[in-house]
Every structure is written in C-alpha cells, then in structure tokens.
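**Student:** coords please:
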Amino acid sequence: MEAIGPVASIMSGFMQMQMGKAQQQVYNMQAKQAEMQAKSAVLGQRAEALNYKRQGVEVLEKAVENLATINARAAANVVDPFSGSIANLSTYNFGKGVTDFFTSKENQEMSRLQGNIIEAAGAIQSAQYIGAGNMAKRQGQIAMISSFASAAGQSQQAGMFDPGFKFTNPFG
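**Tutor:** Here you go, the predicted structure:
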C-alpha cells in the first residue's frame, strides 16, 4: 500500500505536464486568431485608404470638368476666360478641388497608418499569447518535477530505498 502515494504523485506529474502542453496549444491558437483578426482589420483599412484615393481622383476630375465648363461658357459669351471674375471663379474652383484632393490624400495616409497600428497591436497580442503558452508549458514541467520529487520523498519515507524493501502490488 505504500506504493500508491508515489505512483499517484508520478501520475499527477505526467498529467500536469500534459495539461501545460494543452494550455500552450490553446494560447498558440489564440495567438493565430489575434494575428488573423489584425490582418483582417488591416485589409479593411487598406480598402478604406483606396476609397479615399478614389474620392481624391473624383474630386480632381470634377474640378477639371468645372474649369472646362467655366471656360466654355465664358468663351461662348465672348468673354476672356482668363481675366476678371471668370478667372477668379476658375481659381476658386480649382483651389477648392485641390484642397479636397489633399484632404483625401491625408485621409488615405491616416488610414494606412491606422492599418500599421492595428497590425502592430495584433503582433503584440500574438506575442503575449505565445509567451503565456510557453509559461503554461513550463509550469506544467515544473509541476511534474515537483510531483516526481514528492513521489521520491514518499518512497523514501515508505522505505522503498532500503535494501530489504519488497514491493507488493497494491492492486492485487
């Protein structure tokens, strides 16, 4: 009967090591999930940046259209399109278009930078999960060693290391 304690401690040690490995696998899966979520969010940011780029192109196209319309109407009325209030209207229209274009460029850049931040945050979270998994595995190994040491101590107390000790099967 003295052998039950040490055997139980050894079995407990193996189970604790296996639980540590299983916990590490869970953390590794969470790390992968964090990376995938970050990549998905980055793709969303890239789509948003492309939308801003498209808006910028549309703004410039509209500004060119408006300039052409202003010049055509001025020329149709036999007015110099490059002087007076017509020139002022053209300058204002083009200035507004350029301002809107650069605003869309800034939005595009901010969206790209936001994507970089999301990607970095995902990498940090993934690294934290991997670190936690490694720690869980180490804790399982330490618990196993502790259980083995406990089994050795129990065996010592039961006299199993004495030269005259005879092992009896506790199960039959």
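
**Student:** Within the helices and strands, which one has the spatially most central residue of the chain?
**Tutor:** Centroid-nearest residue in the chain, with CA atoms, centre = their mean: Gly122, separated by 1.7 Å. Gly122 belongs to helix 84-157 when assigned by DSSP states H and E.

**Student:** From the chain's centroid, how far away is that helix?
**Tutor:** 5 Å (CA atoms, centre = their mean, to the nearest Å).

**Student:** Summarise which helices and strands it is packed against.
**Tutor:** helix 4-76 (3 or more CB pairs under 8 Å, 6 or more residues apart in numbering; DSSP states H and E). The C-beta positions use only the backbone N, C-alpha and C, and glycine is treated the same way.

**Student:** what is the mean pLDDT for the helix it packs on?
**Tutor:** Averaged across helix 4-76, pLDDT comes to 89.

**Student:** That helix packs against which elements?
**Tutor:** Helix 4-76 packs on helix 84-157, going by 3+ CB pairs under 8 Å, 6+ apart.

**Student:** Just the angle for the helix it packs on relative to helix 4-76, thanks.
**Tutor:** Helix 84-157 runs at 180 degrees relative to helix 4-76, counting by axes from the mean of the first three to the mean of the last three CA atoms, to 10 degrees.

**Student:** mean confidence score for helix 84-157?
**Tutor:** According to the model, helix 84-157 has a mean pLDDT of 89.

**Student:** that older thread, from what I can see the residue nearest to the centre of the chain touches Lys32, true?
**Tutor:** No - judged on CB atoms under 8 Å, Gly122 makes no contact with Lys32 at a distance of 10.6 Å.
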